[in-house]
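Asks: take this sequence and fold it.
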Amino acid sequence: MAYNEDTVQRIRENFAGKGVDFAEKKMFSGVCFMVDEKMCCGTHTDKTSGEDLLMCRIGEQAYDKALEDSNVIPMEFTGKPMKGYIYVTEAGFRTAVGLNHWLQLCLDYNPLAKASKKK
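Replies: Residues are numbered from 1 along each chain as shown. Now for the predicted structure:
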């Protein structure tokens with residue numbers, strides 16, 4: 001699995017600093033952070049560009065506004081954007097302030113998010 005361990009550590013530290021109880025799962029060719037047993041955010045390296053991407057689950061209400069940011073791209077797996085999920089490029093989370101902005105959007109949405117069905 002391709003992902004940037006430094007980004008994973010930065011997310012861990014951000015969440016720990018806020019007292020967020022989280023778990024990590026390897027998925028989406030990277031690491032996904034689960035909060036309240038729901039997908040919150042994650043990171044992986046894009047296979048084509050080699051760029052480190054931050055995956056954010058921000059919900060549909062914040063989705064369109066987030067896409068106005070030049071450092072944000074829609075999250076697509078099947079050629080179709082997944083509403084409520086975005087990727088933030090490295091430039092958008094390079095600073096602690098930038099990373100905190102996107103992670104806080106994820107945490108703000110998390111209580112509203114639906115958990116996946118248990119298998």
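
Asks: where's L105, which helix or strand?
Replies: L105 is located in helix 96-109, with elements delineated by DSSP states H and E.

Asks: so how far is that helix off the chain centroid?
Replies: Chain-centre distance of helix 96-109: 9 Å, with Cα atoms, centre = their mean, to the nearest Å.

Asks: next one: stretch 92-108
Replies: With Cα atoms, centre = their mean, you get 9 Å for stretch 92-108.

Asks: hmm, who's touching it?
Replies: Residues outside stretch 92-108 that contact it (Cβ atoms under 8 Å, 6 or more residues apart in numbering): 7, 10-11, 14-15, 18, 20, 35, 40-41, 54, 56-58, 62, 66, 69, 71-72, 88. Where you see a C-beta, it was placed from the backbone N, CA and C, and this is true even at glycine.

Asks: all strands for this protein, in order.
Replies: 22-27, 30-35, 38-45, 52-57, 72-76, 81-89 (DSSP state E).
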